[in-house]
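Enquirer: Pasting the sequence and the predicted model now:
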Amino acid sequence: MVFITSPNHRTLNLNLNPKTTTLETLKLQIEQNSHIPISQQRLFISQSLQILTHQSNSTLLFDLGIKPLSTLTLHIPLFGGTQPPAVPKPRLDFLNSKPPANYVAGLGRGATGFTTRSDIGPARAAPDLPDRSATTIGGAAGAAPPGVGRGRGKPEEEEEDDGEEKGYDENQKFDEFEGNDVGLFASAEYDDEDKEADAVWEAIEQRMDSRRKDRREARLKQEIEKYRASNPKITEQFANLKRQLYTVSAEEWDRIPDIGDYSSRNKKRKFESFVPVPDTLFEKARQEQEHVTALDPKSRAATGTETPWSQTPVTDLTAVGDGRSTVLSLKLDRLSDSVSGLTVVDPKGYLTDLKSMKITSDAEISDIKKARLLLKSVTQTNPKHPPGWIAAARLEEVAGKIQAARQLIQKGCEECPKSEDVWLEACRLASPDGAKAVIAAGVKSIPNSVKLWMQAAKLEHDDSNRSRVLRKGLEHIPDSVRLWKAVVELANEEDARLLLHRAVECCPLHIELWLALARLETYDNARKVLNKAREKLSKEPAIWITAAKLEEANGNTSTVGKIIERGIRALQREGLVIDREAWMKEAEAAERAGSVATCQAIIRNTIGIGVEEEDRKRTWVADAEECKKRGSIETARSIYAHALTVFLTKKSIWLKAAQLEKSHGTRESLDALLRKAVTYRPQAEVLWLMGAKEKWLAGDVPAARAILQEAYAAIPNSEEIWLAAFKLEFENHEPERARMLLAKARERGGTERVWMKSAIVERELGNLDEERKLLAEGLKRFPSFFKLWLMLGQLEERLNHLEKAKEAYDSGLKHCSNSIPLWLSLANLEEKMNGLSKARAVLTMARKKNPQNPELWLAAVRAELRHGNKKEADILMAKALQECSNSGILWAASIEMVPRPQRKTKSMDALKKCDHDPHVIAAVAKLFWLDRKVDKARTWLNRAVTLAPDIGDFWALYYKFELQNGTDENQKDVLKRCVAAEPKHGERWQPISKAVENSHQPTEAILKKAVVALGKEESAAENNRQ
């Protein structure tokens, strides 16, 4: 290893062995690393400053005194008359030699040795120093090893060996961030490869950071919420107290003592002095406010219209404003006249004034002059340049000199007669009478310009004249598609057919002309036209699609598929790539045009092109759903039909196709599809049940019963089919059939649902003993099914056996301690039997066993409100919102509990916590309803029933709103949507729908009863407030 110090103060490290390397090899290595030619290299040995340039190139470095780890100085001589640098003075010989043994620097003159930072190195423990008593020459000789002295440190060789063992240089620069490694690559160059590597690593870091971004943000959000929950702001801590300030009466407000400012009690008041206002100030103010209505003699001498130089300026701003308004009104009066009390501006005179307006700004006049001079130079130096003439004419037009603009553009037409842009500009600037002459001269100069002929046709006001101009243009440009289209649009059907025959002869490669001609021809002639078009345009798919539409329009639907299939094969032979997405768009266009068979044929022949076998199902279902969203029902139906030919046993595709038919098809098409589905998937219960339900809804009960019998034969042990058969018989007032079906299901080992349905049938029939017996047997088999315990307790309550009902609820809670309905039923029973205290204890126990349950908290709050404990209810609600901060039913109840002025603030807090909760949205809709904001209330109610269509309470509220504020059409729409949604849940809906007298009522009747119950509840609440 040899070190070379270069002129730019950088050190080169050359891995060379001085015993085997010649001077010439060294110079070559230096040239490769520093790009300095050998002829300009001057090498010196750093310690002795011995020059090596005059030595033989074959001499070994070791023979020149260069040892491993030696340092050489590289010098570049200066040329061109400059003086070379002075050779440094040689160092004394004893400075290059090793110190003698036992040498201590400065000892002879009485100095003492010391250890510096460079001797011990950075971040290292201090070395063991010799005892201060041994600082004599003898002591130093006996205590220290050879070559070690005070103030010198270790010899060079030992330091190097020590550095090699430690792996770092103790004397290098220390960086606080990178430590001792900062100097490893300090001398290296930062090239393009390093930059590319840094860019790659930066991209990797960004990619990894983006992958962790969601989790990091979620974790940060959770930590922030946790911190805010544990460290709330002062405003949040006292928010509830602030809202309760409305209860403070006026007397209590008056009794609150005022907080005085006692900070200046001991401060000395500054001396305040008052000086009377002088009379001159009042006089000056009077003069400024004085109004003078007469002219002084000096003004009369100046005719009253000019201000003399000696007159003082007017200081009354009010008079100035009045004068300006008077002048403005006079100008407006001159520009207008009064017609039946209305001010009307003459449009002709107004436009004339606009045309006569002149640019008065000095800056604008200067700019126009400069532009005019520049454009004049352009047109004179290069008169054959059309844009220069056009720009010059438009400049004059902007400046208001229309005649100069016309003259300039006329010169441009003379200089550039072959430029259609110049002629068009001249036609635009010309007067209406002269425009035809200008355009006529233009088409005479450029007879092949389509733009000029089109402009000439626009100038005509009669269709016959326009057609004549266009036909004249076609004589000069017979291959212009634009002219042919324009002339065909102006012609009648017979003339258009003749024109199109000539057009396709002149423009045989334009597809629109062929298709337009085919649409105007008869069936046989249209086929001939399309065959000729196919010969001319063999790579155009629109011809084949039009041919298929033609055959379908004439009743030949059997040949449509063959035409599309032949067309795709022919296009593929021509080398055209079949774009699946483009063909699907053509299928949708065919559907919109009424060509259903063409749409089906296109889908059948192109839907599988370019789709991998394992992706077919997913891709086809996605395509069908997208077409369904766009309203292309026939296209979606065709995709499902083709998919079902490939995936005959896929239940999901059958279900999606059935849903499509249910939404947009007929009952017959849905029945046919379901029949086909159960043929290929006889084990799919949902397909059988859907078919039976559709027959039942259509009123064909025997057909539904037959489908369920077939389903039972295919799946004999299916509980869903047993229950569907029971529901069919039960809803159609056949209780005996329903009892027999349930009895057979129980014999076959039915589940808890079968026993529950059996008890419901007996309850409907009034067989209380049989109901109790079934419930008891069911509870023996399924003691953990809470609904059986709940039905048993409700049975005892109906019979007024409250103690037995309590026992049933208690027994049920022993087996189902997590059943919220059981806890609520027991609490209501205890409130009825023993009052609020017992119900409160039950609800407290329920909350301990089922923490963070909003229904239990809401029941406790409502129990307090029923007994008039408003403050206790507020406290419970505050605790409930702390424990269940995202519960929509709690926030909705809290909005209704607070006074009306505070409901808006409460609703905003609720929306921040649970924006998409239907209970909160319904509560906000009530606020809008109370404020008579009908449109907003309707929007929010619609949003609530959209988010939760299964909750009947929202439908009842929506229907009641429309009864009060909506039209008959809106009421019918809500009623229809509710019947389609078939809601099953709701705090007010379930007691009405599950009542014995309403068991067979339709959804419409239950909705109306729920509206009546809602009105009674609101009236009772209003009476309680009063």
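Expert: Structure's in. What do you need?
Enquirer: which stretches of this structure form strands?
Expert: 2-5, 11-14, 42-45, 71-75, 336-339, 342-345 (DSSP state E).
Enquirer: where does the stretch 651-800 of the chain have low pLDDT?
Expert: Judged against pLDDT under 70, the stretch 651-800 of the chain has no low-scoring part.
Enquirer: What ranges does it have for its helices?
Expert: Ranges of helices in the stretch 651-800 of the chain, per DSSP state H, counting those that start in this stretch, are 651-664, 667-680, 685-697, 701-714, 719-731, 735-747, 752-765, 768-781, 786-798.
Enquirer: next one: the stretch 851-1000 of the chain
Expert: Using DSSP H, counting those that start in this stretch, helices in the stretch 851-1000 of the chain cover 854-866, 870-883, 888-897, 903-913, 918-930, 934-947, 952-965, 968-981, 989-993.
Enquirer: Can you add mean neighbour count and give those helices back as JSON lines?
Expert: (Glycine included, C-beta is placed from N, CA and C.) Compiled in JSON lines, the helices of the stretch 851-1000 of the chain are given as follows (neighbours: other CB atoms under 10 Å):
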{"stretch": "helix 854-866", "mean neighbour count": "20"}
{"stretch": "helix 870-883", "mean neighbour count": "16"}
{"stretch": "helix 888-897", "mean neighbour count": "22"}
{"stretch": "helix 903-913", "mean neighbour count": "16"}
{"stretch": "helix 918-930", "mean neighbour count": "22"}
{"stretch": "helix 934-947", "mean neighbour count": "18"}
{"stretch": "helix 952-965", "mean neighbour count": "22"}
{"stretch": "helix 968-981", "mean neighbour count": "15"}
{"stretch": "helix 989-993", "mean neighbour count": "18"}
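Enquirer: Please render these as CSV that adds mean pLDDT to the earlier fields.
Expert: Shown next, in CSV, are the helices of the stretch 851-1000 of the chain (pLDDT from 0 to 100):
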stretch, mean pLDDT
helix 854-866, 91
helix 870-883, 90
helix 888-897, 91
helix 903-913, 88
helix 918-930, 91
helix 934-947, 92
helix 952-965, 91
helix 968-981, 90
helix 989-993, 88
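Enquirer: Indicate which one of those is closest to Arg753.
Expert: Proximity to Arg753 (CB to CB) singles out helix 989-993 among those, at 17.6 Å.
Enquirer: what sits up against the closest one?
Expert: 951-953, 955-956, 983-984, 998, 1001, 1006, 1009-1010, 1013 (CB atoms under 8 Å, 6 or more residues apart in numbering).
Enquirer: Over to stretch 512-529?
Expert: By CB under 8 Å, 6+ apart, the residues outside stretch 512-529 that reach it are 481, 484-485, 488, 493, 496-497, 500-501, 503-504, 507, 530, 532-533, 536-537, 542-543, 546-547, 550, 554.
Enquirer: What separation is there between the residue nearest to the spatial centre of the chain and Ile204?
Expert: Central residue of the chain (CA atoms, centre = their mean): Asp214, 15.5 Å from the mean position. Distance of Asp214 to Ile204, given as CB to CB, to the nearest Å: 18 Å.
Enquirer: Likewise for Cys599?
Expert: 50 Å.
Enquirer: Those two: which is more packed in?
Expert: Cys599 (29 against 10; other CB atoms under 10 Å).
Enquirer: quick one: low-confidence ranges for the stretch 201-350 of the chain?
Expert: Applying pLDDT under 70 to the stretch 201-350 of the chain flags residues 259-274, 289-350.
Enquirer: Just the buried positions in stretch 820-837, please.
Expert: 820-831 (16 or more other CB atoms under 10 Å).
Enquirer: Export these as a markdown table, with columns for pLDDT.
Expert: As requested, these are exported to a markdown table (pLDDT from 0 to 100):
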| residue | pLDDT |
| --- | --- |
| Ile820 | 90 |
| Pro821 | 91 |
| Leu822 | 91 |
| Trp823 | 92 |
| Leu824 | 91 |
| Ser825 | 91 |
| Leu826 | 90 |
| Ala827 | 91 |
| Asn828 | 91 |
| Leu829 | 90 |
| Glu830 | 90 |
| Glu831 | 89 |
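Enquirer: now, which of those sits nearest His476?
Expert: When the buried residues of stretch 820-837 are compared for distance to His476 (CB to CB), Ile820 wins out at 89.2 Å.
Enquirer: Would you mind confirming that the closest one makes contact with Asn853?
Expert: Yes: the criterion here is CB atoms under 8 Å, and Ile820 meets it with Asn853 at 6.3 Å.
Enquirer: Overlap in contacts, these two.
Expert: Counting by CB under 8 Å, 6+ apart, the common neighbours of Ile820 and Asn853 are Ala846.
Enquirer: Please give the centre-to-centre distance between stretch 431-451 and its chain.
Expert: Centre-to-centre, stretch 431-451 and its host chain are 54 Å apart (CA atoms, centre = their mean, to the nearest Å).
Enquirer: Mean confidence (pLDDT) on it, please.
Expert: If you average the pLDDT over stretch 431-451, you get 85.
Enquirer: what do you get for stretch 403-421?
Expert: For stretch 403-421, mean pLDDT is 88.
Enquirer: in it, what counts as buried?
Expert: For stretch 403-421, a neighbour-count test (16+ other CB under 10 Å) marks 404-406, 408-413, 415-416, 419-420 as buried.
Enquirer: before we move on, what about stretch 797-815?
Expert: Judged by neighbour count (16+ other CB under 10 Å), stretch 797-815 contains these buried residues: 797, 805-806, 808-809, 811-813, 815.
Enquirer: And for stretch 435-455?
Expert: Buried residues in stretch 435-455 (16+ other CB under 10 Å): 435, 438-439, 441-443, 445-446, 449-450, 452-455.
Enquirer: can you map out the helices along the stretch 351-500 of the chain?
Expert: Applying DSSP H, counting those that start in this stretch to the stretch 351-500 of the chain gives helices spanning 362-381, 386-398, 402-415, 420-429, 432-445, 450-459, 463-476, 481-490, 493-506.
Enquirer: Redo the ones you listed as JSON lines? Include distance to Glu661.
Expert: Output for the helices of the stretch 351-500 of the chain, formatted as JSON lines (distance: least, CB to CB, whole Å):
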{"stretch": "helix 362-381", "distance to Glu661": "71"}
{"stretch": "helix 386-398", "distance to Glu661": "64"}
{"stretch": "helix 402-415", "distance to Glu661": "68"}
{"stretch": "helix 420-429", "distance to Glu661": "58"}
{"stretch": "helix 432-445", "distance to Glu661": "61"}
{"stretch": "helix 450-459", "distance to Glu661": "52"}
{"stretch": "helix 463-476", "distance to Glu661": "50"}
{"stretch": "helix 481-490", "distance to Glu661": "43"}
{"stretch": "helix 493-506", "distance to Glu661": "41"}
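Enquirer: Let me know which of those helices is the nearest to Glu1018.
Expert: The nearest among the helices of the stretch 351-500 of the chain, by CB to CB, is helix 481-490 at 65.6 Å.
Enquirer: Kindly format the C-alpha coordinates of the closest one as CSV.
Expert: Written as CSV, here are the backbone C-alpha positions of helix 481-490 (Å, rounded to 0.1, in the frame of the first residue of the first chain):
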residue,chain,number,x,y,z
VAL,A,481,-66.8,13.0,-47.7
ARG,A,482,-67.7,16.2,-45.8
LEU,A,483,-69.4,17.7,-48.9
TRP,A,484,-71.3,14.5,-49.7
LYS,A,485,-72.6,14.3,-46.1
ALA,A,486,-73.7,17.9,-46.2
VAL,A,487,-75.5,17.6,-49.6
VAL,A,488,-77.2,14.3,-48.5
GLU,A,489,-78.6,16.0,-45.3
LEU,A,490,-80.3,18.6,-47.4
